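**Student:** coordinates only, sequence not included:
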C-alpha cells in the first residue's frame, strides 16, 4: 500500500517539477496522436460524408465494413503496418520503421475507420434533413457533401475527438512499429507498459495521470461541443 | 418571353407498394399564373409539387416543359417547402449559396441578396443567423432565396402552414410580390382564404385524383364537384 502512495507522491513530484523525460514523452505522444488525427480526418471525414450522400452498388457492404473496422485490434494494425514498412515490405524503402512516422501511420490506419463511421452516421442524419432542399437548388453530390461537412462541423468534431481518444490510449500498434525506443519513439502508453514492467511506478503513474487528464479533457471537450451543437439544433427546431 | 413554361402535365401517376397516391392527373401550368392545389390531407398536393419539380419520379404519365429552355428547366424553377431547410449560416449567406450554385458570379451576388431580402420584407437581415430567425422570418428567407434565383415558376408547399396569422400575412404578401414580378406560382394550401386571395385558378384534388379545375372566382362561387362542395362546406373528407 505504501508503495502505491509513494509512487503517487513521486509521480506528482515529476509532474509538478515538469520532469524533462516526462515532458518529452508527453510531447511525442501528442505529436504522434494529433498528426494521426489530422491525417485520418482529412481522409475519413470526406469518405464518411461520401458514404452518406452517394448511392452506389455495394454501398451497404462498405458501410458494414467501415463499422466493423471501428473495432480493429491495435496489435493487428501494428502488425500489418510493421509488415508493410519492414525492410522486405512494399513500403520498406521509406525507412519509417521504428520512427514516429511509422507510429503516425499505424494510428492513422487505426482511427480512420472510427472517424469515417461516426462521420457517416452524423452526415446521414443531416442529409436526410437537407436532401430535398439541396436537390431543389440543383446542388450536385460533391457540393452537397462539402455543404454537409461544413454545416455538420460541430457534430463531426465529436468524431474527430473520439479518434484522438482512441489514438492516444492505444499501445499495441505504436509499440510494434515504434519499438518504444527511449528519446525516439517512446510515448505515454508504451512508457507506462515498460516502466510498470520494470517496477518503476513513479514515471508510470505520472504518465498515467497525464494520460487520464488528457482523456478527461478530450471527453469533456466532446461533451461541451455536443451540448453546444444540440442547443443550436434545438434553437433551430424551435 | 417564357423560358420553360408552359408545363404540360399528362396522366401523372404515382404508386408506392401497389397503393396509388396520385392517379392520372392532367393539367397545364401557364406563364405568370398562380395555380393553387387544394384538397384534404393525403389528396396528393405535395406529391404533385414534388413530381413537377423533379424531386420524385412518376410511376406513369409525365410533365413536360414546353418552353424554349426546357432542357435547362432546373435553372428556371425553385421550390419552397412547408418547413424549409436553411443552412447553418447567415441569412445573406443562405441566399448567396443558392446564387453560387446557379453559377452567379461572386461580384453580382451581394446586390441580388439585398434585393431578394428587401422583396420579402427582410431588408437588413443579411448578417442575422438564419437558424435564429422566427418561423415566419425563416419562411420569408426561404422565399427570398428562391426568388433571388429569378425562377420562372415557383413551387410552394403549404408555405404558411403552422404560422401565426401575422406571420402568414407577411408570407402571403411576399408571395404576392414575387407573383406580381412575373413569376408563375404553383402552390399547395389548405387555407381556403389564402387560395381565394392568391390564386388565378384552383386545382382540387381528392384521394389522388384531380376532381375539379376552375378559375378562382368560379370555383368558389359554384364548385362543380361533390368533393369540392363538401370541402368548402367544411366537411371532413
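**Tutor:** Now that the structure is in, tell me what you want to look at. What you see is a predicted model, and the numbers here were worked out from it, not measured in a lab.
**Student:** Chain neighbours aside, what residue packs nearest to residue 127?
**Tutor:** All of this is about chain A. Spatial nearest neighbour of residue A:127, chain neighbours left out: residue A:52 (5.1 Å); criterion: CB to CB, 6 or more residues apart in numbering or on different chains. C-beta here means a position set from N, CA and C on the backbone, and glycine is covered the same way.
**Student:** other chain: chain B
**Tutor:** That would be residue B:90: by CB to CB, 6+ apart, it lies 5.3 Å from residue B:127.
**Student:** for chain A, what are the nearby residues on chain B?
**Tutor:** Proximity of chain B to chain A, by CB under 8 Å from any CB of the partner chain, involves residues B:53, B:55, B:74-75, B:78-79, B:81, B:84-85, B:87-89, B:97-98, B:101-102, B:131-132.
**Student:** rerun that using 7 Å as the cut-off
**Tutor:** Contacts of chain B with chain A, taken as CB under 7 Å from any CB of the partner chain, map to B:53, B:55, B:74, B:78-79, B:81, B:84-85, B:87-88, B:98, B:101-102, B:131-132.
**Student:** could you flag which of the residues you listed are buried?
**Tutor:** Among the residues of chain B next to chain A, the ones that count as buried by 16 or more other CB atoms under 10 Å in any protein chain shown are B:53, B:55, B:74, B:78-79, B:81, B:84-85, B:87-88, B:98, B:101-102, B:131.
**Student:** What are the boundaries of the strands in chain B?
**Tutor:** With DSSP state E, the ranges of strands along chain B come out as B:7-16, B:19-29, B:34-38, B:60-65, B:77-80, B:153-157, B:184-188, B:201-206, B:209-215.
**Student:** how about those strands, which one is nearest residue A:219?
**Tutor:** strand B:77-80 (41.6 Å; CB to CB).
**Student:** What is the burial count for residue A:215?
**Tutor:** For residue A:215, the neighbour count with other CB atoms under 10 Å in any protein chain shown is 14.
**Student:** What parts of chain A come near chain B?
**Tutor:** A:129-130, A:132-133, A:135-139, A:147, A:151, A:232, A:235-236.
**Student:** Pick out the most distant pair among these.
**Tutor:** Longest distance between any two of the residues of chain A next to chain B is 28.6 Å, between A:138 and A:235; criterion CB to CB.
**Student:** Ok, which of the strands of chain B comes nearest residue A:107?
**Tutor:** Of all the strands of chain B, strand B:77-80 comes closest under CB to CB, at 45.9 Å.
**Student:** contacting residues around the closest one?
**Tutor:** A:136, B:49, B:53, B:142-143, B:146, B:149, B:151-156, B:159 (CB atoms under 7 Å, 6 or more residues apart in numbering or on different chains).
**Student:** and which of the residues you listed is nearest residue A:100?
**Tutor:** For the contacts of strand B:77-80, the nearest to residue A:100 is residue A:136 (48.6 Å; CB to CB).
**Student:** Help me confirm that the closest one comes into contact with residue B:54.
**Tutor:** No. Counting by CB atoms under 7 Å, residue A:136 does not reach residue B:54; the two are 8.6 Å apart.
**Student:** What ranges does chain B have for its helices?
**Tutor:** According to DSSP state H, chain B carries its helices in the segments B:45-53, B:91-101, B:109-119, B:135-148, B:165-180, B:192-198, B:216-221, B:226-232.
**Student:** Neighbours of residue B:222, how many?
**Tutor:** With other CB under 10 Å as criterion, residue B:222 counts 10.
**Student:** sorry, back to before: how about JSON lines for the residues of chain A next to chain B, with secondary structure and neighbour count added?
**Tutor:** As requested, these are exported to JSON lines (DSSP: H, G, I helix; E, B strand; the rest coil; neighbours: other CB atoms under 10 Å in any protein chain shown):
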{"residue": "A:129", "secondary structure": "helix", "neighbour count": "14"}
{"residue": "A:130", "secondary structure": "helix", "neighbour count": "20"}
{"residue": "A:132", "secondary structure": "helix", "neighbour count": "18"}
{"residue": "A:133", "secondary structure": "helix", "neighbour count": "22"}
{"residue": "A:135", "secondary structure": "helix", "neighbour count": "17"}
{"residue": "A:136", "secondary structure": "helix", "neighbour count": "23"}
{"residue": "A:137", "secondary structure": "helix", "neighbour count": "22"}
{"residue": "A:138", "secondary structure": "coil", "neighbour count": "17"}
{"residue": "A:139", "secondary structure": "coil", "neighbour count": "21"}
{"residue": "A:147", "secondary structure": "helix", "neighbour count": "24"}
{"residue": "A:151", "secondary structure": "helix", "neighbour count": "19"}
{"residue": "A:232", "secondary structure": "helix", "neighbour count": "15"}
{"residue": "A:235", "secondary structure": "helix", "neighbour count": "11"}
{"residue": "A:236", "secondary structure": "helix", "neighbour count": "16"}
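**Student:** would you list the helices of chain B in TSV and tack on distance to residue A:102 and mean pLDDT?
**Tutor:** Formatted as TSV, the helices of chain B follow (distance: least, CB to CB, whole Å; pLDDT from 0 to 100):
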stretch	distance to residue A:102	mean pLDDT
helix B:45-53	53	98
helix B:91-101	43	97
helix B:109-119	48	96
helix B:135-148	50	97
helix B:165-180	61	96
helix B:192-198	68	96
helix B:216-221	75	97
helix B:226-232	73	95
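**Student:** tell me the contacts of the most far-flung residue of chain A relative to its centre?
**Tutor:** Distance to the chain centre peaks in chain A at residue A:136, reaching 36.8 Å (criterion: CA atoms, centre = their mean). Residue A:136 makes contacts with B:53, B:55, B:78, B:79, as judged by CB under 7 Å, 6+ apart.
**Student:** Okay, buried residues for stretch B:191-203 please.
**Tutor:** In stretch B:191-203, counting by 16+ other CB under 10 Å, buried: B:191, B:194, B:195, B:198, B:199, B:200, B:201, B:202, B:203.
**Student:** how would you label residue A:56: helix, strand or coil?
**Tutor:** coil (DSSP: H, G, I helix; E, B strand; the rest coil).
**Student:** How about the backbone phi and psi for it?
**Tutor:** phi -150, psi 160 (degrees, to the nearest 10).
**Student:** can you tell me how far it sits from residue A:62?
**Tutor:** Residue A:56 sits 9 Å away from residue A:62, going by CB to CB, to the nearest Å.
**Student:** Which one of these two is surrounded by more residues?
**Tutor:** Higher neighbour count among residue A:56 and residue A:62: residue A:62, with 15 against 8, using other CB under 10 Å.
**Student:** Test my guess that the more buried one contacts residue A:52.
**Tutor:** No. The criterion here is CB under 7 Å, and residue A:62 misses it with residue A:52 at 11.5 Å.
**Student:** re the thing from before, output the strands of chain B as JSON lines; include the columns mean pLDDT.
**Tutor:** Shown next, in JSON lines, are the strands of chain B (pLDDT from 0 to 100):
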{"stretch": "strand B:7-16", "mean pLDDT": "98"}
{"stretch": "strand B:19-29", "mean pLDDT": "97"}
{"stretch": "strand B:34-38", "mean pLDDT": "98"}
{"stretch": "strand B:60-65", "mean pLDDT": "97"}
{"stretch": "strand B:77-80", "mean pLDDT": "97"}
{"stretch": "strand B:153-157", "mean pLDDT": "98"}
{"stretch": "strand B:184-188", "mean pLDDT": "98"}
{"stretch": "strand B:201-206", "mean pLDDT": "98"}
{"stretch": "strand B:209-215", "mean pLDDT": "97"}
